[in-house]
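S.K.: Quick one, structure for this:
(one chain, ligands or ions: 2)
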Amino acid sequence: MSIELKHVNYVYSQGTAFQHTALQDVSLKIQDHEFVALVGHTGCGKSTLVQHLNGLLKPTSGQVLINGEDIHGEHTNRKALRQRVGLVFQYPEYQLFEESVEKDIAFGPKNMGLPEDEIHRRVIAAMEMVHLDPARLAAVNPFELSGGQMRRVAIAGILAMQPEILVMDEPAAGLDPQGRDAILGIIRDLHQTGTTIIMVSHAMDDIADLATRIVVMNHGQIAMDGTPREVFCRADVMREAGLEITEAARLAGTLRERGLPVPEDIYTQEEIRDAILRLWKEKVHAQ
Ligand SMILES: Nc1ncnc2c1ncn2[C@@H]1O[C@H](COP(=O)(O)OP(=O)(O)OP(=O)(O)O)[C@@H](O)[C@H]1O
Ligand SMILES: [Mg+2]
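M.R.: Ligands and ions are numbered 1, 2, ... in the order given. Below is the predicted model of the structure:
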């Protein structure tokens, strides 16, 4: 299922003193099985953009197309669409409200009008996907869980609707390293089992590790769109957008500035480690 933004503009509070253009001529096409990371400085429009992907926000002008069909077209079933494109908000655990984990996760499938046994099956499967033990935790009040576990319950609630595309707004923000690793591991698994992922993130090293494509935003526009290798080699564009590159790419740049022959396109820890080892061996052999 492809999803496409075509010349999308979005203006908040149009016609008032608070008018603010959050998206400016944004065009973007995402194909099946991609893992797209959306990055950019605070306030550049990332959350506004992702809320267009499942029709929560309607472009002020321009179009959002799913499989070529305008989602704001007269005949589009937007409720069905929201189930196919699952959106996990920033800090989704604040939206938990039921008295048990099971009920919270069941909320979406119930709204879809599914039979009870199917809802139950989906709740169990979703809990397993996010590594929460159904036997131990289904009946527990979500507010008794840790922050990381609560976030996993919120994600399970979206997964239980079996979306084809999963859009996540800063899914690891505010978690401790262990909670963060757990969430990122789950997202990696979901991508590997075929779900298209669109993830907003500030953590360049996480993105370098996971994403197949990076879209860089700056002041409501797309500043760059490419593979992690293409994007992390452009420290200049990233800096202009108020962003860092990966630690490995930074170190490679520093070594080049000092005259060492380190390749231009290095951005992962393994690559920089190999490059340094190579330089070291050459130096030893030369002596
Ligand atoms: N409801 C609103 N009314 C008016 N302006 C808004 C509203 N929501 C967001 N904005 C403004 O639109 C711009 C884009 O906001 P958005 O939340 O999409 O940014 P973001 O990239 O997600 O930022 P962050 O990294 O802080 O989450 C910001 O300047 C923000 O102040
Ligand atoms: Mg945001």
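
S.K.: For the one residue in the stretch 51-200 of the chain that gets nearest to ligand 1, give its distance to residue 76.
M.R.: Closest to ligand 1 within the stretch 51-200 of the chain is residue 90: 6.3 Å, counting by CB to the nearest ligand atom. All C-beta spots, glycine's among them, are computed from the backbone N, C-alpha and C. Counting by CB to CB, to the nearest Å, the separation of residue 90 from residue 76 is 26 Å.

S.K.: does the residue sitting nearest the centre point of the chain count as helix, strand or coil?
M.R.: With distances taken as CA atoms, centre = their mean, the residue of the chain nearest its centroid is residue 199 (0.6 Å). Per DSSP: H, G, I helix; E, B strand; the rest coil, the secondary structure class of residue 199 is strand.

S.K.: Give the full set of residues in contact with it.
M.R.: Each residue near residue 199 by CB atoms under 8 Å, 6 or more residues apart in numbering is listed here: 35, 36, 37, 38, 167, 168, 171, 187, 207, 210, 211.

S.K.: from those residues, which ones fall inside strands?
M.R.: Of the contacts of residue 199, the ones assigned to strands by DSSP state E are 35, 36, 37, 38, 167, 168.

S.K.: Turn these into a markdown table, including pLDDT.
M.R.: Conversion of those to a markdown table gives the following (pLDDT from 0 to 100):
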| residue | pLDDT |
| --- | --- |
| 35 | 98 |
| 36 | 98 |
| 37 | 98 |
| 38 | 98 |
| 167 | 97 |
| 168 | 97 |
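
S.K.: Could you dump those residues into TSV with distance to ligand 1 and neighbour count added?
M.R.: Output for the ones in strands among the contacts of residue 199, formatted as TSV (distance: CB to the nearest ligand atom, whole Å; neighbours: other CB atoms under 10 Å):
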residue	distance to ligand 1	neighbour count
35	19	23
36	15	22
37	13	23
38	9	27
167	13	27
168	13	24
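
S.K.: Just to be sure, residue 43 is in a helix?
M.R.: No. Checked against three-state DSSP, residue 43 lies outside a helix; its state is coil.

S.K.: and it, how many residues sit next to it?
M.R.: Per other CB atoms under 10 Å, the neighbour tally for residue 43 reads 12.

S.K.: and what of residue 135?
M.R.: Count around residue 135 with other CB under 10 Å applied: 8.

S.K.: Which pLDDT value does the model give it?
M.R.: Confidence at residue 135, expressed as pLDDT, is 97.

S.K.: Residue 1 too?
M.R.: 88.

S.K.: Repeat that for residue 78.
M.R.: The per-residue pLDDT of residue 78 was computed as 83.

S.K.: try residue 150
M.R.: 94.

S.K.: what helix or strand is residue 224 on?
M.R.: strand 221-226 (DSSP states H and E).
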